[in-house]
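[1] Mind looking at a prediction? Sequence and model below.
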Amino acid sequence: MKYLTFFLMFVSISGWAQSGFTSLGGANFLGLSRAGVNLGGIKSIYLNQAGLTEITNLGADISFERRFNLEEMTTISIAGAKSFKFGTFGLLVSHFGFTEYSEQKFGLSYARKLHPNLSIGSQFDILRYNVEKVGSKNLYTVELGMQLKLNKEFSIATHIFSPGKSKITDATDLGTRVRLGVMYKPSNKVFMLMEMDKLIYRKPDFKIGVGYNVIQEAQINVGINPTLGFYSFGLHFNLKNTYRISSAVALNDNLGNSPALSLQYQK
């Protein structure tokens, strides 16, 4: 039954979730419809490592997401980062799936500022696929990212996942993924994200996310992916400017809801 559930879900939502690696970072991004290539801090280790340069000392994140409320499609991700004079180093570990099928990701990242307004980042990944009674396979790949602040209101960013050809099977490639994003921040209370997310062999997804700081300690997020018909909502609470609790849910009329939670520490 679990094999059947997994197969049917991945066939029906292949545009939304090619693997468990697409939902890392939990509620940090889900409330913005998984737009976030322009965002910084510890959460950026999941979507664009260049943003790690915003960490001034230490950062840690634990995130959870259950796609379409199915236990078999649960993702847990854990990340940590430390800033030094010569750049910021980060580590992440994630797990997706169930006993019969699972995926793990191990990442080592590095980011630094080349200019006060320009940050770059990279990550070396080990991706492990496990199929019960069949075996396991490890793939090795890299990620590259950049963030550029044009002025106080606008910034642009790009991120590339797996620029080379890595084969999961003889007939299936891991697939290069390119993200391009623009952030518009007219004030300290509001920001808007517009992002294109393209797997090399699929049509691009277009995502829009908006964040609004109701008060300094609370933020409301909304997002939409019109390509796939997903809508999302999220809440973030800051405690003493060091701890952050985030919750989010994505909705689809045909596939149901996907809840997520993230706990974060950064200073």
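    Happy to help now that I have it.
[2] burial of residue 34, as a residue count?
    Burial of residue 34 is recorded as 29 neighbouring residues (other Cβ atoms under 10 Å). The C-beta positions use only the backbone N, C-alpha and C, and glycine is treated the same way.
[3] any idea which element it lies in?
    In the assignment (DSSP states H and E), residue 34 maps to no helix and no strand.
[4] thought it was touching residue 224?
    No. Using Cβ atoms under 8 Å as the test, residue 34 is too far from residue 224 to be in contact (10.9 Å).
[5] quick one: contacts for residue 192?
    Contacts for residue 192 (Cβ atoms under 8 Å, 6 or more residues apart in numbering) come out as 183, 184, 185, 208, 209, 210, 211.
[6] wait, which of those is closest to residue 129?
    Closest approach to residue 129 among those (Cβ to Cβ): residue 209, at 30.1 Å.
[7] And the helices in the protein?
    2-12, 27-30 (DSSP state H).
[8] that older thread, mutual contacts of residue 34 and residue 224, please.
    When Cβ under 8 Å, 6+ apart defines a contact, the residues bordering residue 34 and residue 224 alike are 207, 232.
[9] on that earlier part again, mark which of the contacts of residue 192 are buried, thanks.
    Buried by 16 or more other Cβ atoms under 10 Å: 183, 185, 208, 209, 210, 211, out of the contacts of residue 192.
[10] And the residue lying closest to residue 127 once chain neighbours are set aside, how far from residue 109?
    Excluding the flanking residues, the one nearest residue 127 by Cβ to Cβ, 6 or more residues apart in numbering is residue 139, at 4.4 Å. According to Cβ to Cβ, to the nearest Å, residue 139 and residue 109 sit 17 Å apart.
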